[in-house]
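Enquirer: build me a structure from this.
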Amino acid sequence: MSVSQRISARPRRRRRTGRAAFTLMEMMVVIGLVALVAALALPSVMALIDAGADIQSYNLMAAQLTAARARAIQDHAYTGIHVQWADARSGGEWIRGEKMRNVSFCAMVQRKRLVNQGPERFVLIGDPIRVPGSISFGKPDDAEIATPRNFTTLTVVFSPTGAAVQRIPGDDIVIFDPMDRAFAQGNVGGVDDPTGSTQLWDINNAAGDQPVTALRMFDVADYLLASNKGQYLEKNVQILALNIHTGQLMRRR
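Expert: Next up, the predicted model:
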């Protein structure tokens, strides 16, 4: 290559190198487009996440009910699944640092005689499991809608023959042992527990309810924000009916 050719080639190389970079304006346009696409896609992504929590919650409850029915037959004892919001006043060993707001748990419970000749009471027979997302379950009774903590506290109970029941012989209602590890504060099994760190649920909200054979599944965070909770549930709730003979959970709506 001659000297004149080398000299004429240099500007062209500099121009090609200059075109490889983005200008500030081009970068701002790209960032703006990315932000716009993300904003448009966010509702769809959130709906997908909510749908996932909804499906997971249904599968969790169906599996828990199947396990409780099998345990009732195996142990020949009244056994069920209790669902309730976590008690906001407690640290809760099952929370593991998570905030209590809008957190629901379900756990297998069984009716046992705790001392000789003493009354039979329901106690936990397994660790509570968190319901995914802010999904919760409610009672089928419309009269409970206005009181969220009562509405979202329920128990499904199976008899020793495996049938879902709404009455329990003797007590007729579900009564928990107040010193059970999920409810107790102050002293648990002879060990001082002033912080209530083993407490998950509030016994005052849990005791004295009749078992249910149908549930409502909904997003409790949205339910609490709704000005008219009845209308919200009418539009957004899923009705889950329980086959009282097989324990199978069925979607009605």
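Enquirer: now the lengthiest helix in the chain, how far from the centre of its chain.
Expert: Counting by DSSP state H, the longest helix found in the chain is helix 24-75. Per CA atoms, centre = their mean, to the nearest Å, the displacement of helix 24-75 from the mean C-alpha position of its chain is 13 Å.
Enquirer: after that helix, which helix or strand is next?
Expert: strand 79-85 (DSSP states H and E).
Enquirer: quick check: buried residues in the very next helix or strand once past that next one?
Expert: The helix or strand immediately downstream of strand 79-85 is strand 104-113, counting by DSSP H and E. Buried residues in strand 104-113, counted by 16 or more other CB atoms under 10 Å: 104, 105, 106, 107, 108, 109, 110, 111, 112. Heads up, the C-betas are built off the backbone N, CA and C, glycines and all.
Enquirer: one more: stretch 245-253?
Expert: Residues 247, 249 are the ones in stretch 245-253 that count as buried (16+ other CB under 10 Å).
Enquirer: same check on stretch 210-222?
Expert: 210, 211, 212, 214, 215, 216, 217, 218, 219, 220.
Enquirer: repeat that for stretch 219-239.
Expert: Quick answer for stretch 219-239 (16+ other CB under 10 Å): 219, 220, 223, 229, 232, 233, 237, 238.
Enquirer: still on that earlier bit, from the buried residues of stretch 210-222, pick the one nearest residue 147.
Expert: Within the buried residues of stretch 210-222, the smallest distance to residue 147 is 13.2 Å, found for residue 220 (CB to CB).
Enquirer: now residue 79: how far from residue 26?
Expert: Distance of residue 79 to residue 26, given as CB to CB, to the nearest Å: 66 Å.
Enquirer: out of the two, which sits in the busier spot?
Expert: Each of residue 79 and residue 26 has its neighbours counted (other CB atoms under 10 Å); residue 79 has more, 27 against 10.
Enquirer: now the more buried one, nearest residue through space, not along the chain?
Expert: Excluding the flanking residues, the one nearest residue 79 by CB to CB, 6 or more residues apart in numbering is residue 72, at 3.7 Å.
Enquirer: tell me how many other residues crowd residue 158.
Expert: 26.
Enquirer: who's in contact with it?
Expert: 68, 69, 72, 73, 78, 79, 80, 164, 165, 247 (CB atoms under 8 Å, 6 or more residues apart in numbering).
Enquirer: how about the third one, what does it touch?
Expert: Okay, so that is residue 72. When contacts are counted by CB under 8 Å, 6+ apart, residue 72 touches 78, 79, 80, 110, 158, 159, 160, 162.
Enquirer: how about those in CSV, adding pLDDT?
Expert: Shown next, in CSV, are the contacts of residue 72 (pLDDT from 0 to 100):
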residue, pLDDT
78, 97
79, 97
80, 97
110, 96
158, 97
159, 96
160, 96
162, 96
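Enquirer: so which of these would you say is closest to residue 127?
Expert: Out of these, the member with the shortest distance to residue 127 (by CB to CB) is residue 110, at 13.9 Å.
Enquirer: isn't the closest one right up against residue 71?
Expert: Yes. Between residue 110 and residue 71 there is a contact at 7.0 Å, judged by CB atoms under 8 Å.
Enquirer: need the residues touching each of these two.
Expert: Shared contacts of residue 110 and residue 71 (CB under 8 Å, 6+ apart): 79, 125.
Enquirer: what about stretch 235-243, how long is it end to end?
Expert: Stretch 235-243 stretches 24 Å from its first residue to its last (CA to CA, to the nearest Å).
Enquirer: typo on my end, it should be stretch 208-218
Expert: End-to-end distance for stretch 208-218, by CA to CA: 24 Å.
Enquirer: how many neighbours does the nearest residue to residue 107 once chain neighbours are set aside have?
Expert: Once flanking residues are discounted, residue 107 sits nearest to residue 128: 3.9 Å by CB to CB, 6+ apart. Neighbourhood size, residue 128 [other CB under 10 Å]: 24.
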